[in-house]
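> Pasting a predicted model and its sequence here:
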Amino acid sequence: MNRDGKGLLDLAKRSDILNNEEVQKLVLASGLSSNEHLQDTVSKAVLGKSVGQYRYPFEKSTRYGDIYLGETFRNQSFYLSQEELTKHLLTVGQSGSGKTTLFYSLMWRVDKPFWAFDLKQDYRHLAQDTDLLVLPWTKLKFNPLKPPEGVPPRRWAQVFAEIYGHATSLLSGSKNYLMKKIVELYTLYNLFDKVSEPYPSLHELELLIKKQKVNFVRKASDYRDTLLNRLEAMNLIAGTVFDCSVGYPVEELLDQDVVFEFDGLSHDVQNFLMEILFAYVYEYRMAQNHRDEGLNHLFFLDEGKRVFSVYKERQDAAGIPEVDELTAKMREFGEGLVVADQEASKLTDSIKANTHTKLLLPTADRKQFQAVTDAMNLSERQAKFAHDLVTGEAVVQVGSRDPVPVKLENYELKKTVTNRELEKQQAEKWSELSSERRKTTKRFDDRIAPGRSEEVPETSIPDDPTEIQVSKDADRLLKDVIKNPFKPLTERYERFSSTYKGNKAKNELVDDGVVIERHVKGQDGKRKLLQLTEKGRDYAEGIDLEVKHRGRGGIIHRYWQHQIKEAFERQGWDAFLEKFDADVYINMGNTELVVEVAMGDNPREIEHVQQHLEKGFDAVWVAGRNQEVLDGLKQRIEGEGLDLDRVAFRLVREFRELENSF
């Protein structure tokens, strides 16, 4: 190659255009030819391309998909496909660079359910624009020792020990000790005989470890003391989160957009909750064989280094973190991960290697900037261009394709949702979530806690009742709600001199978060009920009002329990609430019937039906809120192969005409 050809080659290399097919042909032609006119023409062409590349060192590229991200610097629309999100996305940028706005945009545009782990109350405000369940940790009920549906207890014991150990920085010896104690606890709860409720909670695990006496083996004593120290602190800090045998149904939450708010918890508890929920969903998907179905669900995680910490990844004594393994494996089951952070150098190599799409936003810190440009394999000129990005701009790289600068969509959102407004907005959603209180088994009580009752009193952290001050009219209405929980709102107003005064009292209780309004539809039309909230219950007890109710679940569920019980009693039979663990138990002399009230098409309803059939009741009636619920439950029961001859399906409103059902 002659001197001119070599000079062109060097110029093309310096300008990052040597991979351009047209440039390669020009350089080759110049190098092989001695024609000065041709060499001059080629030199000008390569020089022109070099100048253009110097100013904008990126190839022209438009990504086609269904998720709009923004406009390229060449005014072309830029899209991602949902399938690319199953391979995960990582974005890095300094504070105020646009990470949260990017999350808003993706949450709005992706048409699959998502979970967001929120450490700064950033995402509750989206509830103004979309149907969103926001769960502050004080409202969350989750039992991490209950295996996901279809996952064997022994398998889950291993996963739990790995996740807990990573989140709380336990080394291998302590993790192995923890796994043995979980297996021992599961044995005391008969979970290896058959997987059934009740399930032990972290509180029972703490009690079991406290009972362990280690006086002579120093290492075992160290493992016990280290673990107990972590566990006691976690149970104390987490309040009522783990205080349940069965928490909110994760399988149902996967069908909703959910924001988990973890601000106010310690870092260890935050990290554990995020990691165990990752693992829980992955193990559930794997057990249900949800493979190769495309994008099913998305996780959003800001401050990614909290979970994907390079320092924990490098701890040889702890082993490779389970959460790192999950990053690569969860994509097969349609679980996408969107991670953001300010400090790329503190993220694991795993999360940087296993994210198919990467976004670099404005990053002032040289070390963090270099970590991202290295991960994206940007050229020197591309990195220099990226250094001048401003808020809302990013260099986007999808897989091994050429990076593209994009002006990201600006999702405008006013952050105005206060705690009080959130409680008013979300109260009905919270009331529809179901959990079951902690219980123990006889084997556990005999071995660990002799004399302790089977049902463990629920721990509560009540709000300060002095925070609420209501008028005399509102106080009178509240007393009526407690005394007559199923009375229609119109009848309550009759106690006041005018409907206006009654409505004003009701609005006062609702605004203070003491009650929420619920609607129930029967054959006699629609009625509005008032349901006491947890805050309202604490307030009522704080002013010495006796709060009692029979039945379980929210006011609608309990309303129909009472209606069904009274309907059978009008026929002359003995009917009971919550007897033999049934919503309603009816004794007809020679026949025993149980009724389960179903507000939704939930897997747990099938478990209840199966338990009643196994106990030998003559018939099980499923009373559904609507026909859609009944059809779904019937299909589930048929799929389980249960005895349909002993199962009947009724709409709850039919119990007004009970005599026609026999």
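Yep, it's here.
> can you give me the helices for the stretch 451-600 of the chain?
472-483, 489-493, 499-511, 534-542, 555-570 (DSSP state H, counting those that start in this stretch).
> so which of those comes closest to residue 594?
helix 555-570 (10.7 Å; CB to CB). For every residue, glycine as well, the C-beta is placed using N, CA and C.
> Per the annotation, how does the protein divide into domains?
3-55, 61-140+249-417, 141-247, 462-549, 555-661 (automatic domain parsing).
> closest to residue 433 out of those domains?
Here domain 141-247 is closest among the domains of the chain (CB to CB), at 7.3 Å.
> Need the distance between the two termini of the closest one.
5 Å (CA to CA, to the nearest Å).
> next one: stretch 256-276
19 Å.
> Repeat that for stretch 260-275.
Note: stretch 260-275 ends 13 Å apart using CA to CA.
> what separates that stretch from the chain centre, distance-wise?
Remark: stretch 260-275 is offset 12 Å from the chain centroid, using CA atoms, centre = their mean, to the nearest Å.
> That stretch: which residues count as buried?
260, 261, 262, 265, 268, 269, 270, 271, 272, 273, 274, 275 (16 or more other CB atoms under 10 Å).
> Which of these fall within helices?
268, 269, 270, 271, 272, 273, 274, 275 (DSSP state H).
> Out of these, which is nearest to residue 602?
For these, the nearest to residue 602 is residue 273 (23.1 Å; CB to CB).
> For the closest one, which residues are in contact?
Neighbouring residues of residue 273 by CB atoms under 8 Å, 6 or more residues apart in numbering: 117, 137, 142, 241, 260, 262, 265.
> The domains of the chain into JSON lines, with extra columns for mean pLDDT and distance to residue 438?
Below are the domains of the chain laid out as JSON lines (pLDDT from 0 to 100; distance: least, CB to CB, whole Å):
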{"stretch": "domain 3-55", "mean pLDDT": "57", "distance to residue 438": "62"}
{"stretch": "domain 61-140+249-417", "mean pLDDT": "88", "distance to residue 438": "15"}
{"stretch": "domain 141-247", "mean pLDDT": "87", "distance to residue 438": "5"}
{"stretch": "domain 462-549", "mean pLDDT": "79", "distance to residue 438": "17"}
{"stretch": "domain 555-661", "mean pLDDT": "84", "distance to residue 438": "16"}
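> All the strands of the stretch 351-500 of the chain, residue numbers only.
357-360, 393-398, 404-408 (DSSP state E, counting those that start in this stretch).
> between those, which gets nearest to residue 251?
strand 357-360 (28.1 Å).
> Residues contacting the closest one, please?
80, 84-85, 87-93, 102, 369, 372-373, 375-376, 378, 386, 389, 394-399.
> Neighbouring strands of that strand in the sheet, and parallel or not?
strand 89-92 (parallel), strand 393-398 (antiparallel) (DSSP bridges).
> Please compute how far the longest one lies from its chain's middle.
What it means is strand 393-398. 27 Å.
> Next, the residues that contact that strand from outside, please.
Residues contacting strand 393-398 (CB under 8 Å, 6+ apart): 63, 69, 78, 80, 84, 91, 93, 98, 102, 356-362, 376, 378, 382, 385-386, 389, 403-408.
> related to what we said a few turns ago, of the strands paired with strand 357-360, which is nearest residue 504?
strand 89-92 (48.8 Å).
> Output the contacting helices and strands for the following helix or strand past the closest one.
Downstream of strand 89-92, the next assigned helix or strand under DSSP states H and E is helix 99-109. The elements that helix 99-109 packs onto, with contact taken as 3 or more CB pairs under 8 Å, 6 or more residues apart in numbering; DSSP states H and E, are strand 67-72, strand 114-118, strand 297-301, strand 335-341, strand 404-408.
> Can you check what angle separates helix 99-109 from strand 335-341?
160 degrees (axes from the mean of the first three to the mean of the last three CA atoms, to 10 degrees).
> Alpha carbons of helix 99-109, as PDB, please.
Extracted in PDB, the C-alpha atoms of helix 99-109 (Å, rounded to 0.1, in the frame of the first residue of the first chain):
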ATOM      1  CA  LYS A  99     -33.300   8.200  35.200                       C
ATOM      2  CA  THR A 100     -36.600   8.500  37.000                       C
ATOM      3  CA  THR A 101     -38.300  10.200  34.000                       C
ATOM      4  CA  LEU A 102     -37.100   7.300  31.800                       C
ATOM      5  CA  PHE A 103     -38.700   4.900  34.300                       C
ATOM      6  CA  TYR A 104     -42.000   6.800  34.200                       C
ATOM      7  CA  SER A 105     -42.000   6.600  30.400                       C
ATOM      8  CA  LEU A 106     -41.300   2.900  30.300                       C
ATOM      9  CA  MET A 107     -43.900   2.200  33.000                       C
ATOM     10  CA  TRP A 108     -46.400   4.100  31.000                       C
ATOM     11  CA  ARG A 109     -45.600   2.600  27.600                       C
END
